[in-house]
Structures are given as C-alpha cells and as structure tokens.
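Enquirer: sequence? don't have it. structure:
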C-alpha cells in the first residue's frame, strides 16, 4: 500500500491567530460594559465606526497590494486594532475623527510596513497619537462619568454621546456634562498651585480607588487581562513590567512628596493604565521578542508613561510610551537574546 | 488539550499510549521475506559481504560496518539472497541499498551465534569490538551504532551512563512494554554497557507516566544490589527523552553546543539497547529483532510487536489486525519527529521504534493548517527546549541570512517540532529550519570548495612566479659570470 508523505511534526495543537485575536476581543468585554455603564453608549458608536473603517481600510490596502483580502479580514487582527483605538479615544469624538484615526492606524500603522506581523509600531497607537496631536481639544473632552453625582442619567449621557458622535456643538447644551479626564484635571490643578489632597478631596476627580469612572473601567480591564493571562494568550512579562515601571516610581515619588505626586493606586486605576498594560503593550508584533526583552520593554513603557503623566503636556502617557518603546525594540532584542542550550552566556 | 509546563521548556502533550500498551507484546513469527536496509537509520551504510544467490543461515553477517557510524547487518532468518538493490527505506533521503532474503523455512543457525560465556571476563575494548560485530545499534530512534558511542565515552572519560527509558514521544510505548516485561534484561544490559563505557555509575531514567515500568525496574535493581545503578524518575514532558534534554534532567549538566554528551561526562543509551545487549550476551544473538509499537487510528488492534529486523511493515500491521478506516500517513516514529514513509513494503530498521498509521482523526490539525504571517507571539520561544528564538530564526531562514542563522543557533535546534506544534500562525517552522540547515551546509561546502580553489590558484601563481624567478636568477648568474673577466672557469672567455 502506498502513502503520501509530509514533514514532521505530523500534529499541531491547532492554536490559531483568529483564536488569539477573538480571545483578546472577548477579554475586552468587561471593560466595555463598565465603559458604557459609566460614560454612556459613546464607546459602542466609536466601536462601530472603527470596525467598519478598519475592515474597509484593510480590504482596500490588501487590494492595492495585490493580496487576497479574505484570510486577513477573517484573522481578526484588524478588529483588535479597531477595538483598542475605540477604547482609547473619548466616546464623544465626532465619527469622522474616529474613522480618520482608524484608517490611519490600519494604513500608516500596519500596511505601509507590509501588513500583519511586519509593523514596527502598535497600529492603534499610531492612529491615536496622530489624532491627539492633530485634534487636541476633541481628544481631551470626555463625558463626566455617571458616578460623579446623581443628577445625570444614562439617557442624558446617551443623548450627549450621539450629539458628540454627529459633531454637534457641545458647548451650549452640554456644558457641565463634559470635561477633562481626572489625570488632566489633576495636572491643571497642580499647575494652578493646588495641592494633590485638595484636588482629590473635591470628589468629582477621585473615587475610593482611582479616578472617578476610570477606576471601574480599569478594574474591568484588569479582570479581562487576568483572563488573557490565565488562557495563556498573554504571558505575564509585559503587563507586570508595565505596571512595575509605572507604579514603582510613583510609589517612591508619592513617598517623597505626597503633595504633588500621584500615588500608585491612583496611577494604576486612572486613564488607560490597565488597558495599556494588558491589551496595548502586549501586542506581540511590535513588542520585544524574548521574555527578558519583554520585561525591559514593558518597564520602559511604564516608566515613560509615568514621566509623561508627571511632567508632560498630554492627558495620558501611554500612547507615546508604547510608540517610543516600539522604536527601542530592535535595540532591546539585540541585547536580550536568551542563552542557547549548551552555550556560554 | 495540552497543558504547558513553564520551566524547563517543553510541553506536556497528549500521550495516546494506552491503545498499544494494554495488550502483551506480540511475538511475530519470522516472515517469508525480509528487506534489510544497509543504512539502519543512522545515515551511513554497511558494506555488503554477500551476493545475490548466496544461501545464508540465521544470524549470519550480510553487511560489515566499515564506517564507524554504520552498523553491521545480519540475516534474521535462514534463506537465499534474492536481491540487492536500492529501495525505499525508512532512512534519511528515503532510499537505501537493501538486501532482500527469502526465507527457506529451515532454522539453520549461523556458527557465529554463541553466547558470550562471561561478559565480565572480557576487557571493555573486547566488549566494544564484539558488540560492533553483533551490529548493536541504538534502538531509541536514531539507530546510531552503540559501540562507537561507548568507545568515544571511554576516550573522553565519561563518568555516567544514562539509560533512556523516558519515551517522551506521543504514541510510542515499546520501551514501556519492554521494561514491564523484561526489566531484568534491561538491568543486565545496563551493567555490560556500564563496563564497556567505563563509567562509574549508571542511571536509568523513566518518565513518571509509566508507573508499572518504574515498579518493574525498581524491583530488578533491588535484586541486583548495585549502588552504582540507580533509577531517576523524571516528569513526563516532551521532549525530555531527547538526549541532551535527558542528560540535563538527570545529571543537571548541559552538553556543550557542538559537543558530545561525553564532553559533559555522560553517555546515553536506550533501555531497549541495553536489553538487546543482554540478549546478545546471554544468547549470542546479534541484533536480529526489536520491539516496535504499531499504533494509530489506522490500525485495527494497536500493540507492541517483537519482529525481525527487515520485516516488511505490512506484515507488522497485519499482525495487529490490519488497516482500519482511511489511513493517510504511514509514519516511522512518533507523531512529533517521525518520518512519513511512502510505502508499507519498507523493512523494519533497528532505529524504528514505532509504526504509526494515522487517519484524519490523528493528523487533521496538521492537514487543515492554514499558514498565516508570524505575529511574533513568542509561544515558540517559550516552549523551545534548546532556548532558541524560532521567530527570529524564521526571519533569518527566509532571508537565507547565514550568519544570523548560525548566531541564532539553527544548528542547536534538536528538531523536536514543538515550535510548529504551538504556532498559532501554523507555520511549518521545523521544516523551514531543516531546509535552512541543509542550505547552510551546502553554502559551507561551496565556500570550502571556493576557498580551496582560490588557494590552489594562489599557490599555482606563486609556483609559476618562483619558477620564473628561478629562471631569471639562473639567467642572471650565467650572464654575470659571462661578464666577469678573469674567471676562466665560468666560460670559454672572449
């Protein structure tokens, strides 16, 4: 009897890229629920425009590059980019800015480098950074979250979200419903020579754990991130290093000067911390290669984010921190090649 | 689903061993015809000493091991040599010169088959030589000649003999079956091998998923009361049974890259090889048979079979109830590193520990694989037992960047296939690295050839120059002498 032949190994575990990508999307669910509950349905609007734009941009890019679009659209990677960008931008952003950011993320962040697996930068952060430097006013205007005081209702937040989404002028009708993020307010407060305890004591900025509203989103993102770690989609090195790089300096600085330096709890549960640590920095394509390299990579992101949050002029530091450390990846990879079995270190 | 062990690298795989392990070993009667590959799996061929038409007795030498990496081949049955030709075989490259013997039905035994009266009275050198004559080769899967390994271990002063009973590959359980049924043979062989290798101690290593084998070997060791023969139970993690990984697990040392286990003071042999040595010592029988696992969803009644070397695989499968369902691949070895064979007419070799007949149920994951670009997830690096970065190696392999391939250790790859196994992009990494190693070898051969040619050219040029200079000098000296008046002896004067 005759048989066909093929090279070993003859079995594989059957893990797939789509499985990885859809697990990541699934793990974002708790953070999404918290986000919608506290900031209104803006996230869902941003998600829909981002996903549609991302799929269209991916298909167009592959068409231009003369590649088959079907497998790339099914692998889910472009949806992860869309989700991460939609989670990062304010839920009140006019739809065309969300679409622009997503298109830039997919085209400039991913396909100019050769598509999946080839991009040196995190595509979602490329889109975010371009939007942030180009449209600073729109990119720093958030709805005041539900849990600040009881006078706002979720349906009002829904109306606000749609108004923002269609680009209505929010200044008149919705004054008082929008504002800067907690991190932003703290920085401007400190610039006005308030002390940190005064600012946090106001109540609308800080909750029991971290920033109002954002604390819950961060907690939910942490839960999703731990799920990814348990499922071995994400290994511990990058998230723990990011948190270490952010929290260790903030712990020291807060100990030295509690009047102006945010403590570790506030840092951990404000802004995009958990989303960045578990979902953004862990994008493997643009991260360092080895386990040791990923520790340096993550620690660098956390540290740069802390520096930008402390001294920088932006509401949050993670987008630039991730992009800067993406730049450092070839350097990190060069000096963190693991020791090969039987070779001298 | 497979669980992932965190340290040391490797992976717990689905074992699939029960199917074949439950029933006792089948003793297969001698087949009517054997096909003896002169390369028994180590990649080097023995030199035939018989011709077509010769009659041979059972146990007679049919091919001599001239190369140290080849092993002698013997006729497992009495009969007539009916063919000597290149055929498909379970070896690298897929073809080998084969000797085909038709059994005559007579059980004429060759005069050379005599028990070794007292192995302890032989010097280690004599032991090694007689094992070479008996064609003893590693039964663990590589088929490397045992005497060659033992001799180099003696030379390099190895202190520990590790007997490999790990059997980490999925599906394979012939060593397990052997240890359960013939632990005394394993232990006796261990003593002979220890003496031949000149090591102080011997450790038998078994993975913890074989409690019955562990119990049997423990008892056999206790009966012997030899302090320098011990048992090591190691975790059942693939590929713990790979030579280097096993040595690290048992002895806690690493084999230097590019070196031999003996450089780390260790020599490794398979438990089945030890049992074959015992069989040779007690019965005088050269390596004529082995136990092989015949399994897979494509076999009706999976089991372990003791069969003559050269038995066509079709006969082994028939002994296990024949094919079942729709067999897709016939694999010599396990599912991770086994070689897919084109035909079941191939003869059993010494290196073949398993005949795996797979259907879509077994290998559907591989057949249905859709390759996507690498997303640099690093799962491959986290399981690599050699500590490599397969994703970086892949880039170097695709770019054919030879320096990078060497630096990243493409030659330190032990070809275990785990990177393939876990890759979510389903990239055939192990095969890419195999090709890369081959190209590297070819490029190095080319470079050597080019260097030799260049050197030859340079030397040729220099020789021509020297000849020209010498000629010039001779001319000059003649001319000078001619110009020197008064030196009458130089010429005939003006």
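Expert: Right, received. Where do you want to start? Keep in mind it's a predicted model, so treat the numbers as computed, not measured.

Enquirer: Report pLDDT for the closest residue in space to residue B:426 that isn't next to it in sequence.
Expert: Spatially, and ignoring its direct neighbours in sequence, residue B:426 is nearest to residue B:369 (4.0 Å; C-beta to C-beta, 6 or more residues apart in numbering or on different chains). Bear in mind the C-beta positions are built from the backbone N, C-alpha and C, glycine included. Listed pLDDT for residue B:369 reads 87.

Enquirer: Pull out the buried residues from the helix or strand where residue A:255 lies.
Expert: For residue A:255, the host element (DSSP states H and E) is helix A:237-256. For helix A:237-256, burial by neighbour count (16 or more other C-beta atoms under 10 Å in any protein chain shown) applies to A:237-247, A:249-250, A:253-254.

Enquirer: quick one, what contacts residue A:138?
Expert: A:90, A:92-94, A:97, A:131 (C-beta atoms under 8 Å, 6 or more residues apart in numbering or on different chains).

Enquirer: so which strand or helix has it?
Expert: helix A:136-139.

Enquirer: moving C-terminal of that helix, what's the next helix or strand?
Expert: Next along from helix A:136-139, by DSSP H and E: strand A:142-143.

Enquirer: how about the residues of the stretch 101-250 of chain A near chain B?
Expert: Contact residues (C-beta under 8 Å from any C-beta of the partner chain) of the stretch 101-250 of chain A with chain B: A:115-118, A:232, A:235.

Enquirer: May I ask which of the residues you listed has the most neighbours?
Expert: When neighbours are counted by other C-beta atoms under 10 Å in any protein chain shown, residue A:116 leads these with 21 neighbours.

Enquirer: Find the nearest non-adjacent residue to that one, please.
Expert: Residue A:116 sits nearest to residue B:373 (C-beta to C-beta, 6+ apart), 4.8 Å away.

Enquirer: which secondary structure element contains that neighbour?
Expert: Going by DSSP H and E, residue B:373 is not in any helix or strand.

Enquirer: quick one: it and residue A:6, what's the gap?
Expert: For residue B:373, the distance to residue A:6 equals 22 Å [C-beta to C-beta, to the nearest Å].

Enquirer: wait, what's in contact with the closest residue to residue A:51 other than its chain neighbours?
Expert: With C-beta to C-beta, 6+ apart as the criterion, residue A:51 has its nearest non-adjacent residue at 4.7 Å, and that residue is residue A:82. Residue A:82 makes contact with A:47, A:50-51, A:53-55, A:102, A:105, A:124, according to C-beta under 8 Å, 6+ apart.

Enquirer: and whichever helix or strand residue A:82 is part of, how far out from the chain's middle?
Expert: Here residue A:82, judged by DSSP H and E, is contained in helix A:77-88. Chain-centre distance of helix A:77-88: 8 Å, with C-alpha atoms, centre = their mean, to the nearest Å.

Enquirer: Can you check what angle separates the following helix or strand past that helix from helix A:77-88?
Expert: Next in sequence after helix A:77-88, counting helices and strands by DSSP H and E, comes helix A:95-107. Interaxial angle, helix A:95-107 versus helix A:77-88 (axes from the mean of the first three to the mean of the last three C-alpha atoms, to 10 degrees): 140 degrees.
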